[in-house]
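Undergrad: Starting from these lines, generate the structure:
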Amino acid sequence: MLVPDGSAADNLPVFVFVTESVWASPDNASGRAYIDALVAAGFDKAAMQVTNDRSTVGNPAESLQFSIQWGGEECLVGQVGPATGTPVAVVVPALAEGGCLIGQTRTIDW
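TA: Numbers count the residues shown, from 1 in each chain. Predicted coordinates for the structure are as follows:
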């Protein structure tokens, strides 16, 4: 269960559970599926980032990354995909310039 007043580490078990649940589903290659499931678990969509489902040439992404900036200082980051093997979920410091993921992310506009 989400711990709204807790740390990112306190909420890592929920993040892991959601990540593994989506990974085990038919939608496991859809970044939107991870975002939607995390929102359904109570996480703040406005604090999330996600990478593209497809490469720049239109192939399925070798890995997807998604994140939630937690309390401005920390991030819950997940990575899934054929290149990853089993899902990975960690807590890392937020980037100095804000956000959690380096590089191009997709707009979460749904």
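Undergrad: how far away is the residue nearest the centre of the chain from Thr56?
TA: When the chain is reduced to its mean C-alpha position, the closest residue under CA atoms, centre = their mean turns out to be Phe66, at 2.5 Å. From Phe66 over to Thr56 the distance is 19 Å, taken as CB to CB, to the nearest Å. The C-beta positions use only the backbone N, C-alpha and C, and glycine is treated the same way.
Undergrad: and what of Val88?
TA: Computed with CB to CB, the distance linking Val88 and Thr56 is 23 Å.
Undergrad: now what about the one helix or strand the residue nearest to the centre of the chain maps to, what contacts it?
TA: Assignment of secondary structure by DSSP states H and E places Phe66 within strand 64-70. For strand 64-70, contacts defined as CB atoms under 8 Å, 6 or more residues apart in numbering pick out 7-8, 11, 15, 29, 31, 34-35, 38, 43-44, 47-51, 53, 75-81, 91, 94, 98-101.
Undergrad: pLDDT of that strand, averaged?
TA: Along strand 64-70, the predicted local confidence has a mean pLDDT of 97.
Undergrad: what about the closest residue to the residue nearest to the centre of the chain other than its chain neighbours, neighbour count?
TA: The spatial neighbour of Phe66 that comes closest, neighbours along the chain excluded (CB to CB, 6 or more residues apart in numbering), is Val50 at 4.4 Å. A count of neighbours around Val50, defined by other CB atoms under 10 Å, yields 21.
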